[in-house]
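Trainee: Everything below, folded, please.
(2 chains)
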Amino acid sequence: EAQVTQNPRYLITVTGKKLTVTCSQNMNHEYMSWYRQDPGLGLRQIYYSMNVEVTDKGDVPEGYKVSRKEKRNFPLILESPSPNQTSLYFCASSSTRGRASSAFFGQGTRLTVV
Amino acid sequence: GENVEQHPSTLSVQEGDSAVIKCTYSDSASNYFPWYKQELGKGPQLIIDIRSNVGEKKDQRIAVTLNKTAKHFSLHITETQPEDSAVYFCAARYLQGAQKLVFGQGTRLTINP
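Mentor: Next comes the predicted model:
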């Protein structure tokens, strides 16, 4: 089954404690991205990756890092989380070949920073 | 950059009636417009999409229309059912950055039995 898998689904942490949210896709997609979803703001892109070892900032990258060492994985790293990073996070992947497909989303990670 | 405005933010309709959600975009070079449905506790899921060379597309009870001149596109759901209750997002593919999707703010649709 084609899917994007995020872990964990829920996370409560304290300010300043480094954390990583993992994302893995099994569709051999080149393009992967991270979004955060906040009420009234829709989905805003944090970082994206066009392929292995190629990453770039989205619209709201401050306070986040990513890496793309393998095609299937795209972890999101919060080096020093702050309360304003409390949000619902989604990882997505899509193909860049031919008539590029739309994005497949993971189930989401609800992060609370206290 | 691209900006997508979505209206209304909430919509309540009687079961069996039609629902319409509207979006406008700012970048005339955008060429791909998907719609996503997000059910409670789940990630957004693609329900229909339209490319800029097409004016309308239908899939059973769902249709999308695109007006490139006015830079707006709409989602139409006919014969609504309780399972249509969800949050709906429109998006536009912004050509700069290749695959970048810019999303609207979302519409919470409630179907009243």
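Trainee: alpha carbons only for contacts and neighbour counts from here, please
Mentor: Fine.
Trainee: residues contacting whichever residue of chain A sits closest to chain B?
Mentor: Residue nearest to chain B within chain A: A:Gly42 (3.9 Å; CA to the nearest CA). When contacts are counted by CA atoms under 8 Å, 6 or more residues apart in numbering or on different chains, A:Gly42 touches B:Phe89, B:Phe103, B:Gly104, B:Gln105, B:Gly106.
Trainee: if we go to 7 Å?
Mentor: Contacts were defined as CA atoms under 7 Å, 6 or more residues apart in numbering or on different chains; by that measure A:Gly42 touches B:Phe103, B:Gly104, B:Gln105, B:Gly106.
Trainee: of all those, which comes closest to chain A?
Mentor: Of all the contacts of A:Gly42, chain A sits closest to B:Gln105, with 3.9 Å by CA to the nearest CA.
Trainee: Could you pick out the longest strand of chain A?
Mentor: With DSSP state E setting the assignment, residue counts place strand A:42-51 as the longest strand in chain A.
Trainee: For that one, which strands pair with it and how are they oriented?
Mentor: Applying DSSP bridges to the sheet, strand A:42-51 is found paired with strand A:31-38 (antiparallel), strand A:54-57 (antiparallel).
Trainee: Could the C-alpha coordinates of the longest one be exported in PDB?
Mentor: Spelled out, that is strand A:31-38. Coordinates of each C-alpha in strand A:31-38 appear next as PDB, following Å, rounded to 0.1, in the frame of the first residue of the first chain:
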ATOM      1  CA  TYR A  31       9.900  15.300  -3.800                       C
ATOM      2  CA  MET A  32       9.200  15.500  -0.100                       C
ATOM      3  CA  SER A  33       8.100  18.300   2.100                       C
ATOM      4  CA  TRP A  34       7.100  19.300   5.600                       C
ATOM      5  CA  TYR A  35       4.100  21.500   6.400                       C
ATOM      6  CA  ARG A  36       2.600  22.900   9.600                       C
ATOM      7  CA  GLN A  37      -1.100  23.400  10.000                       C
ATOM      8  CA  ASP A  38      -2.400  26.100  12.300                       C
END
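Trainee: how about the nearest residue to B:Glu56, chain neighbours excluded?
Mentor: In this structure, B:Glu56 finds its nearest non-sequential neighbour in B:Thr65, 4.4 Å apart by CA to CA, 6 or more residues apart in numbering or on different chains.
Trainee: So the one you found, which state does it fall into?
Mentor: The three-state assignment at B:Thr65 reads strand, by DSSP: H, G, I helix; E, B strand; the rest coil.
Trainee: Quick check, B:Pro44 in contact with B:Gln38.
Mentor: Yes. Under the contact definition of CA atoms under 7 Å, B:Pro44 touches B:Gln38, with a separation of 4.3 Å.
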